[in-house]
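1. A predicted structure for the sequence below; I have some questions about it.
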Amino acid sequence: MESLQDCPLFRPFAYIDGSWVAADSGEQIDVLNPANGEVIGQVPRLGRAETERAIEAAEAAFPAWRALTAQERADILMKWHDLMHEHQDELALIMTLEQGKPLKEAAGEIGYAASFLRWFAEEARRVYGETVPAAKSNQRILVTKQPVGVVGAITPWNFPAAMITRKVGAALAAGCPIVVKPASQTPFSATAMALLAERAGVPRGVFNVVPGRASEIASALTESPVVRKITFTGSTEVGRQLMKQAAEHIQKISLELGGNAPFIVFEDADLDAAVEGAMASKFRNGGQTCVCVNRFLVQSSVVNAFCEKLAAAMNSELHVGDGTEEGVNIGPLIDQDGVEKVSRHIRDAVDKGAELLLGGNPHPLGGNFFTPTLINDAKPDMLVAQEETFGPLSAVFPFDDEEDAVAMANDTPFGLAAYFYSRDLSRVWRVSEALEYGIIGINTGLISNPAAPFGGVKESGLGREGGHQGLEEFMETKYLCIDLG
Ligand SMILES: O=CCCCC(=O)O
C-alpha cells in the first residue's frame with residue numbers, strides 16, 4: 001500500500017445513522033503523520049447539529065438493538081472481532097500513519113482492541129439477575145439489569161482503536177447504542193472500525209462516529225437528556241469539566257484520566273526482571289500511555305545497579321524512528337507540545353540537581369522525535385514527580401525503606417497504575433494494600449487485559465473498563481417487588 005488513500009478501510013467521513021457524511025459547514029480537520037508532519041487526509045469537523053442528529057439516530061436504534069437476544073448481539077460483536085483480525089495489517093498501518101506508534105505495536109493494539117469485542121461478546125451472555133429474600137412471605141424480589149440507554153463516548157489519540165472497542169464493545173453488548181467522538185489526531189482508526197462494524201452487521205444508528213469540535217460535541221452529549229451515560233478517556237482536566245456537565249441531567253459517567261505511575265524496585269527484587277518490566281511499561285507507545293511508569297522509586301542500596309542495567313537496556317533495545325520502518329520500536333511523540341513537555345521536565349529536573357545519565361534532548365531526527373532519557377536523583381519537588389511526562393523519560397527517585405517508598409508512591413493526586421518488584425511475600429501483600437491505586441502490577445510491567453477491571457482512584461477517574469465490571473457500567477439495576485396476594 002503506497003498511501004492511506006489506497007487503503008480499502010480508509011474512510012475520510014463521519015458515520016451517522018449508517019451513512020458516511022460530511023460536516024454541515026463543509027469544514028475539515030487535517031490529520032497529520034506525527035513522524036513527518038505531512039497531511040495524510042482530512043475528516044469532517046462536526047459540531048453540535050450533527051452530534052444531535054447522531055444522538056437522535058442512536059435513540060431511534062435503541063429499541064430494536066436492546067430487543068435482540070444477548071446471543072444475537074454477541075454474534076455481531078464476534079463477527080466484528082474476526083474482521084478486525086482479518087484486517088489487522090491495514091488497521092495497524094492506518095494507526096501508525098496517524099498516531100506514530102511502530103507498526104508491530106500498532107498491530108498489537110489492534111489485537112488488544114479486538115479482544116474487547118470478544119470479551120464483551122462473551123460477557124453479554126452472562127448478565128445475570130438475582131433473587132433476594134423478601135420481607136413478607138407472600139412477596140418475591142427479583143433484581144434485573146437493563147441497558148442504560150444512549151451512550152456518549154470521547155476517546156483519546158494514544159490508543160485510537162482499543163479505547164474505542166473497550167467502550168463500544170461494552171455498550172453494544174449491554175444493549176446500548178453509542179455516539180463516539182474520536183480524537184482529532186486519530187479519527188481514521190475510528191472510521192475504519194466503523195466500516196468493519198457495519199460489515200459485521202451492527203445496525204444503523206447503533207454505532208456513530210462524530211469527529212470534530214471537542215467542546216461543542218461534548219456539550220451536545222451532556223446537554224441531551226437522551227444520553228444516559230458518558231464515558232471518557234483523557235486528561236483529568238477535561239474529565240473534571242465533563243463531570244460537571246454530566247451533572248446537569250445526572251448522567252452516569254466513567255472517567256479514565258491521567259496517571260503518575262510509580263514503579264518501586266525493592267532491594268530484594270530480581271533486578272533483571274525489574275529492568276525488563278521497566279522497559280515494557282515505560283516505553284509502551286513511546287511513554288505515551290496513562291499506565292506508563294512516570295516515577296522509578298528505587299531502594300538506595302540497589303539504585304546504581306538498577307540505573308546501570310536500565311541504561312544498558314535503553315541503549316541497546318530502543319530504536320527511534322518512523323514507525324513504518326523495520327526495527328523501529330520508539331515512534332515520534334504525537335506533536336511539538338509533547339516534545340516541549342518532555343524537554344521541560346528534563347530541564348527542570350537537571351536544574352534542581354538530578355543527574356543526567358542518558359539522552360536529554362529531542363532526537364537528531366528532529367520533528368516530534370525524542371531521545372530516550374534517563375535521570376537519577378530525582379526529587380519530589382521536580383515537575384517529573386508531579387505531572388505525567390507522557391514521553392520517553394525515565395526518572396529514578398532513590399528511597400530508603402518500604403515506608404518511604406509507599407509514602408512517595410502515594411504522594412500524588414493520581415491513582416491509576418502502580419508497579420513494584422519484590423520477592424518477599426509479606427511485603428507483596430503489605431505494599432499492594434497500602435498503594436492508593438486502582439491497578440497494581442507486581443513483578444510485572446504489563447497489566448492490560450480485557451478480563452480485568454481497568455481504572456483508577458482519586459483524580460485518575462471513576463468506574464472500570466473491561467472485566468465484568470466494564471459491562472455493568474452500561475447497565476442499570478432494577479428490582480421487581482412482586483406481591484403474590
Ligand atoms: O492511556 C491509557 C490507555 C490504556 C491502555 C491499556 O489498556 O493498557
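-> Received the coordinates, thanks.
2. who in the stretch 51-200 of the chain is up against the ligand?
-> 158, 159, 163 (Cβ under 6 Å from any ligand atom). (C-beta placed from N, C-alpha, C; glycine too.)
3. now with 8 Å, please.
-> Residues of the stretch 51-200 of the chain lying close to the ligand (Cβ under 8 Å from any ligand atom) are 112, 156, 158, 159, 162, 163, 166.
4. dihedrals phi and psi, the residue nearest to residue 150 when sequence neighbours are not counted?
-> Leaving aside its chain neighbours, residue 150 sits nearest to residue 58 (4.5 Å; criterion: Cβ to Cβ, 6 or more residues apart in numbering). In terms of degrees, to the nearest 10, the main-chain angles of residue 58 are phi -70, psi -40.
5. how about whichever residue of the stretch 201-350 of the chain sits closest to the ligand, what does it touch?
-> Here the residue of the stretch 201-350 of the chain nearest the ligand is residue 290; by Cβ to the nearest ligand atom that distance is 3.2 Å. Applying Cβ atoms under 8 Å, 6 or more residues apart in numbering, we find residue 290 in contact with 158, 233, 256, 257, 258, 259, 388, 416, 417, 460.
6. pick out the most distant pair among those residues.
-> The span of the contacts of residue 290, defined through Cβ to Cβ, is set by 158 and 460 at 15.1 Å.
7. which one's more surrounded, those two?
-> Neighbour comparison, residue 158 and residue 460: the larger count goes to residue 460, with 29 against 25 (by other Cβ atoms under 10 Å).
8. mind checking pLDDT for that one?
-> Note on residue 460: pLDDT of 98.
9. looks like it contacts residue 261 (just checking).
-> No - counting by Cβ atoms under 8 Å, residue 460 does not reach residue 261; the two are 9.7 Å apart.
10. list the residues that contact both of those two?
-> 416, 437.
11. relative to residue 212, how far out is residue 219?
-> 12 Å (Cβ to Cβ, to the nearest Å).
12. over to residue 432?
-> According to Cβ to Cβ, residue 432 and residue 212 sit 43 Å apart.
13. more neighbours: these two, which one.
-> Each of residue 432 and residue 212 has its neighbours counted (other Cβ under 10 Å); residue 212 has more, 24 against 14.
14. phi, psi of that one?
-> Dihedral pair for residue 212: phi 150, psi -150, per degrees, to the nearest 10.
15. residue 47 is in contact with that one, correct?
-> Yes - with contact defined as Cβ under 8 Å, residue 212 reaches residue 47; the gap is 5.8 Å.
16. now do the shared contacts for these two.
-> residue 23.
17. what's the pLDDT at the residue of the stretch 201-350 of the chain closest to the ligand?
-> pLDDT, residue 290: 97.
18. so it: helix, strand or coil?
-> Counting by DSSP: H, G, I helix; E, B strand; the rest coil, the backbone at residue 290 sits in coil.
19. which residues of the stretch 101-250 of the chain fall in strands?
-> In the stretch 101-250 of the chain, the segments counted as strands under DSSP state E, counting those that start in this stretch are 130-132, 139-147, 150-154, 178-181, 207-209, 227-233.
20. now for the first one, which elements pack on it?
-> Translated: strand 130-132. Contact analysis of strand 130-132 by 3 or more Cβ pairs under 8 Å, 6 or more residues apart in numbering; DSSP states H and E lists strand 139-147 as its packing neighbours.
21. gap between the strand it packs on and the chain center?
-> Centre-to-centre, strand 139-147 and its host chain are 33 Å apart (Cα atoms, centre = their mean, to the nearest Å).
22. what residues of it count as buried?
-> For strand 139-147, a neighbour-count test (16 or more other Cβ atoms under 10 Å) marks 145, 147 as buried.
23. the residues of the stretch 51-200 of the chain next to the ligand: which two are farthest apart?
-> Longest distance between any two of those is 14.5 Å, between 112 and 156; criterion Cβ to Cβ.
24. most tightly packed of the strands of the stretch 101-250 of the chain?
-> Compared across the strands of the stretch 101-250 of the chain, strand 207-209 shows the largest average neighbour count, a mean of 30 (mean count of other Cβ atoms under 10 Å).
25. which residue comes closest to the residue in the stretch 101-250 of the chain that the ligand sits nearest to once chain neighbours are left out?
-> Closest to the ligand within the stretch 101-250 of the chain is residue 159: 4.6 Å, counting by Cβ to the nearest ligand atom. Nearest residue to residue 159, sequence neighbours excluded (Cβ to Cβ, 6+ apart): residue 109, at 6.1 Å.
26. count the neighbours of that neighbour for me.
-> Other residues near residue 109 come to 25 when the count uses other Cβ under 10 Å.
27. need the contacts of residue 290 in CSV (columns: distance to residue 398).
-> Listed next are the contacts of residue 290 as CSV, based on distance: Cβ to Cβ, whole Å:
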residue, distance to residue 398
158, 30
233, 33
256, 31
257, 29
258, 25
259, 22
388, 21
416, 23
417, 22
460, 25
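28. which one of those residues is nearest to residue 331?
-> residue 158 (11.3 Å).
29. what residues are up against the residue most central in space within the chain?
-> Centroid check for the chain by Cα atoms, centre = their mean gives residue 163 as the closest residue, at 4.7 Å. Contacts here follow Cβ under 8 Å, 6+ apart; on that basis residue 163 touches 155, 156, 233, 256.
30. ok so, going back, would you turn the strands of the stretch 101-250 of the chain into CSV with mean pLDDT?
-> Listed next are the strands of the stretch 101-250 of the chain as CSV, based on pLDDT from 0 to 100:
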stretch, mean pLDDT
strand 130-132, 97
strand 139-147, 98
strand 150-154, 98
strand 178-181, 99
strand 207-209, 98
strand 227-233, 98
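31. and the helices in the stretch 251-400 of the chain?
-> Using DSSP state H, counting those that start in this stretch, the helices found in the stretch 251-400 of the chain span residues 271-282, 303-317, 336-351, 383-386.
32. tabulate the ones you listed in JSON lines, adding columns for distance to the ligand, mean pLDDT and mean neighbour count.
-> Listed next are the helices of the stretch 251-400 of the chain as JSON lines, based on distance: least, Cβ to the nearest ligand atom, whole Å; pLDDT from 0 to 100; neighbours: other Cβ atoms under 10 Å:
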{"stretch": "helix 271-282", "distance to the ligand": "10", "mean pLDDT": "98", "mean neighbour count": "20"}
{"stretch": "helix 303-317", "distance to the ligand": "20", "mean pLDDT": "98", "mean neighbour count": "17"}
{"stretch": "helix 336-351", "distance to the ligand": "13", "mean pLDDT": "98", "mean neighbour count": "18"}
{"stretch": "helix 383-386", "distance to the ligand": "18", "mean pLDDT": "98", "mean neighbour count": "20"}
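33. what's the closest of the ones you listed to residue 102?
-> Per Cβ to Cβ, nearest to residue 102 of the helices of the stretch 251-400 of the chain: helix 303-317, 12.9 Å.
34. and the closest one, what does it pack onto?
-> helix 271-282, strand 293-299, strand 355-358, strand 373-376, strand 393-399.
35. got the buried residues for stretch 373-387?
-> Residues 373, 374, 375, 376, 377, 378, 382, 383, 384, 385, 386, 387 are the ones in stretch 373-387 that count as buried (16+ other Cβ under 10 Å).
36. next one: stretch 290-305
-> Quick answer for stretch 290-305 (16+ other Cβ under 10 Å): 290, 291, 292, 293, 294, 295, 296, 297, 298, 299, 302, 303.
37. nearest to residue 126 among these?
-> Using Cβ to Cβ, the buried residues of stretch 290-305 come closest to residue 126 at residue 291, 26.7 Å.
38. circling back to that earlier point, who wins for neighbours among the residues of the stretch 51-200 of the chain next to the ligand?
-> Within those, most neighbours by other Cβ under 10 Å means residue 163, with 31 neighbours.
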